[in-house]
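In: pasting the structure only:
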């Protein structure tokens, strides 16, 4: 989703979305010159509950935004699909535990 689309979905100003990215509450990457946020990280009208914590853990482990996004979308047979998908379900704590272990 583009940042204006995210702002509309979350009913926030575009500047608040930018602030959320700076604060690592959301992650955005450039695709064809446009910053985008994966749709499934914005559930309904909120950000996935555990996403900010996982992004902080990944940053602490030395992951930049591109590496963090790759990690979130790397298929994992022990999770329901990918860590990003698992964050939206009952395996979110497991995803946080795995992100935390990356720092050691």
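Out: All right, it came through fine. Since the structure is predicted, the reported quantities are computational estimates derived from the model, not experimental observations.

In: can you give me the helices for this structure?
Out: 3-10, 14-22, 51-60, 65-72, 83-87, 92-101 (DSSP state H).

In: residues of the first one that come out buried?
Out: Right, the one you point to is helix 3-10. By neighbour count on 16 or more other Cβ atoms under 10 Å, the buried set for helix 3-10 is 3, 6, 7, 9, 10. For the C-beta atoms, the positions are set from N, CA and C on the backbone; glycine is no exception.

In: go on, stretch 27-41?
Out: Buried-residue list, stretch 27-41, by 16+ other Cβ under 10 Å: 27, 28, 36, 37, 40, 41.

In: same check, this time on stretch 10-30
Out: Those would be 10, 17, 18, 20, 21, 24, 25, 26, 27, 28, for stretch 10-30 by 16+ other Cβ under 10 Å.

In: The last one and residue 39, how far apart?
Out: Yep, that's residue 28 we're talking about. 12 Å (Cβ to Cβ, to the nearest Å).

In: How about the fifth one?
Out: According to Cβ to Cβ, residue 21 and residue 39 sit 15 Å apart.

In: rewinding a little: any idea which of the helices of the chain gets closest to residue 32?
Out: helix 3-10 (14.0 Å; Cβ to Cβ).

In: tilt between that closest one and helix 14-22?
Out: Helix 3-10 runs at 100 degrees relative to helix 14-22, counting by axes from the mean of the first three to the mean of the last three Cα atoms, to 10 degrees.
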